[in-house]
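Colleague: Got a predicted structure plus its sequence, pasted below:
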Amino acid sequence: MFRNPEIELDDLPDMEDLEWQPMHRHYVRRMLLERLIFAFVLLAASFVPTIASGGKFAPTVPLWVLAIIFALPYLSWPLVSVPRRGYVVRDKDIVFKSGVFWRSVTAVPFNRVQHVETSNTPLDRKFGLANLQIFTAGGSGGDLSISGLGADIAEQLRVYILDKVGASIENH
């Protein structure tokens, strides 16, 4: 017979008590390099109107000044955001937290997982990083993507989750 007993609110687990695993130590450097490349392109592009007009285009505030003002917080953001990310692998789920202003904690139960994959960009490979993407049943709202994992950890997590999914299918 199906039973669904009540649980006292004081008995619910506290997410702050979890031992959060941080992102790989090279993830901040990888994000900084990617942003530095973009900022350099933006800064170079800010000189194009002046060069193309033969020096006649002279806005009140030079575009390169605006590019630098934009680039400073853009470049420093990984230093703020990456330390606030983390994940925990538990017996029945994986939990991921992120966010500075708008924080989120997502738990994906292994019995909802349909597919797991790892991927990486050339920049990720240079730093030994990978992304873990978990696809769940019931639509894209439950999917989870964790960037900034070490490539070896991402692969271990992929295999572990697939083993858990296989075990839960065998038990049904």
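Modeller: Received, thanks. Residues are numbered from 1 along each chain as shown.
Colleague: Could you chop this structure up by domain?
Modeller: 27-81, 86-170 (automatic domain parsing).
Colleague: who wins for proximity to F2 among these?
Modeller: domain 86-170 (16.7 Å; CB to CB). C-beta here means a position set from N, CA and C on the backbone, and glycine is covered the same way.
Colleague: model confidence over that closest one, on average?
Modeller: For domain 86-170, mean pLDDT is 90.
Colleague: Distance from the chain centre to it, please.
Modeller: 10 Å (CA atoms, centre = their mean, to the nearest Å).
Colleague: Not counting sequence-adjacent ones, nearest residue to the residue nearest the centre of the chain?
Modeller: By CA atoms, centre = their mean, the mean C-alpha position of the chain lies nearest to S147, the distance being 3.9 Å. In space, and not counting its chain neighbours, S147 is closest to N131: 4.7 Å by CB to CB, 6 or more residues apart in numbering.
Colleague: Correct me if wrong: the one you found contacts D124.
Modeller: Yes: in terms of CB atoms under 8 Å, N131 counts as a neighbour of D124; the distance is 7.2 Å.
Colleague: And those two? Which one has more around it.
Modeller: Taking neighbours as other CB atoms under 10 Å, N131 and D124 compare with D124 leading, 22 against 17.
Colleague: hang on, the more buried one packs against L33?
Modeller: No: counting by CB under 8 Å, D124 stays clear of L33, with 10.9 Å between them.
Colleague: does V41 sit in a helix or strand, and which one?
Modeller: Assigned by DSSP states H and E, V41 belongs to helix 27-46.
Colleague: any idea of the pLDDT on V61?
Modeller: We have a pLDDT of 64 for V61.
Colleague: and if you look at V41?
Modeller: 84.
Colleague: That one - how many residues pack around it?
Modeller: Every residue meeting other CB under 10 Å relative to V41 is counted, giving 11.
Colleague: Can you show me the strands along the protein?
Modeller: Using DSSP state E, the strands found in the chain span residues 86-89, 93-98, 104-109, 113-119, 129-136, 144-150.
Colleague: so which of those strands comes closest to W64?
Modeller: strand 144-150 (30.9 Å).
Colleague: Who are the packing partners of the closest one?
Modeller: helix 27-46, strand 93-98, strand 129-136 (3 or more CB pairs under 8 Å, 6 or more residues apart in numbering; DSSP states H and E).
Colleague: Alright, that wraps it up for me.
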